[in-house]
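Q: I would like to see how this sequence folds:
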Amino acid sequence: MNKLLIDEYPLMVLPTFAKEIGLKNAIFVQQIHFLTQTKQQNNDIYTYKNGHMWVYNTINEWHKNYFSFMSKSTLKRVIKNCEDDGYIISTDEFNKSEYDKTKWYRINYEKISEIQKEIEKEIEEKREEKLKKAEEKKKRKKEQVKKMKKIKFNEKSNLPLGQNDTMPENTVFLPLGQNEPMPEPEASGQNEPIDQVKMNQPIPYTTTYTSLNNKNNKKNKFQKIENQFKKAFSVNLNSFQFEKIKEYMLNGLSEQLILKTIEHCGLGGHNQAFFFNRLSMLVEDEIYTVDQLNSVLSQANTFKNNANNSKNESKENEQKSKESNYKWKDFFIDFDKYKE
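A: Next comes the predicted model:
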């Protein structure tokens, strides 16, 4: 059984070479290379012609000595293919007799070098393609991780007020204006006996009730804004947005104007960024109430009507210039649509 594996001279060929030119062609070329190398090592002067080492055999000799596993017709076809494709070079000019048509063969090493370069180029391209795919896969994975983090952040940001942050237990919300220092009243009973002064010190019940009532009113006020915001934009206010609205209210923006702005932005199909941009415009131009906004929008409408009714071209151009410079005419895209 061992003799079937290796007990005679083996034919060896590189798989990449066989894949490139064909298995049988590669076997024949490899055999010629082996024979010429052997002759060169043995300093065979007889077969060294024109600066190259050659090997010669008839078809019968090739078949009998080296390629008995092929048919003669197949062997002839393999030799012809190798000659036509330039893998080997053949000649019969070295025969002594004119009638001797035995061919001499040698390897065309220039052609083999070209094939080697093509194989190496193909291997390098495959390696680069593999690296590129690995980089793209790594990039996609990084983008997916980044996207998942963004989704988790957005889900956390859209939680109702109070679910993102914890407030200290001793936090106190004071109504607007209660942060100013209050005048210190004269102590009750300064001219009375000490015992009577002590009797007048209990904390009034109404003070506690008023503080709780103010806190509840403030909570209800922001609850309206939260509800209107969720109705208009289909998401809850996050903590950052809530603090921003509180800041606008501290700057004087009325609750009714904020509610009206939310309502109109929702009806107009605008996003949250558009809404906060409008709040910023209101504070910047010192428009704090619904009446002030209606007055400004009416003024813009007057500009528009005057421009349409004017027959004087110069006056019309002047009016249009005023209109284009007045940003509030486009506060809600078409303010007539939302006129109450």
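
Q: make it CA atoms for all contacts and neighbour counts henceforth
A: Noted.

Q: can you count the residues close to the nearest residue to L267 once chain neighbours are set aside?
A: Computed as Cα to Cα, 6 or more residues apart in numbering, the closest residue to L267 that is not its neighbour in sequence is A232, at 7.4 Å. A count of nearby residues for A232, using other Cα atoms under 10 Å, gives 21.

Q: Pull the contacting residues for I89.
A: If you count contacts by Cα atoms under 8 Å, 6 or more residues apart in numbering, I89 has them with 83, 105-108.

Q: Could you find the closest non-adjacent residue to I107?
A: Nearest in space to I107, with sequence neighbours left out and distances taken as Cα to Cα, 6+ apart, is I88 at 4.6 Å.

Q: quick one: that neighbour and I27, what's the gap?
A: When distance is defined by Cα to Cα, to the nearest Å, I88 is 12 Å away from I27.

Q: which of the residues in stretch 27-37 are buried?
A: Going by neighbour count (16 or more other Cα atoms under 10 Å), the buried part of stretch 27-37 is 27-33, 35-36.

Q: Next step: those residues restricted to helices.
A: Using DSSP state H, the subset of those located in helices is 27-33, 35-36.

Q: by contact count, what packs against the helix ranked longest in the chain?
A: Using DSSP H to define each element, the chain has its longest helix at helix 109-157. On a contact count with 3 or more Cα pairs under 8 Å, 6 or more residues apart in numbering; DSSP states H and E, helix 109-157 meets helix 15-21.

Q: And the pLDDT at H63?
A: According to the per-residue confidence, H63 scores 94 in pLDDT.

Q: Look at it and tell me its secondary structure.
A: Here H63 is helix, with the state taken from DSSP: H, G, I helix; E, B strand; the rest coil.

Q: Let me see the contact set for it.
A: 70-72, 75.

Q: Could you give the number of residues near K147?
A: Residues near K147, counting by other Cα under 10 Å: 12.

Q: quick one, helices of the stretch 151-300 of the chain?
A: Using DSSP state H, counting those that start in this stretch, the helices of the stretch 151-300 of the chain run over 194-199, 205-233, 239-250, 255-267, 272-284, 290-309.

Q: coming back round to it: the residue nearest to I107 against C82, yeah?
A: Yes - with contact defined as Cα atoms under 8 Å, I88 reaches C82; the gap is 5.9 Å.

Q: can you list the domains in this structure?
A: According to automatic domain parsing, the chain is divided into the following domains: 8-107, 212-338.
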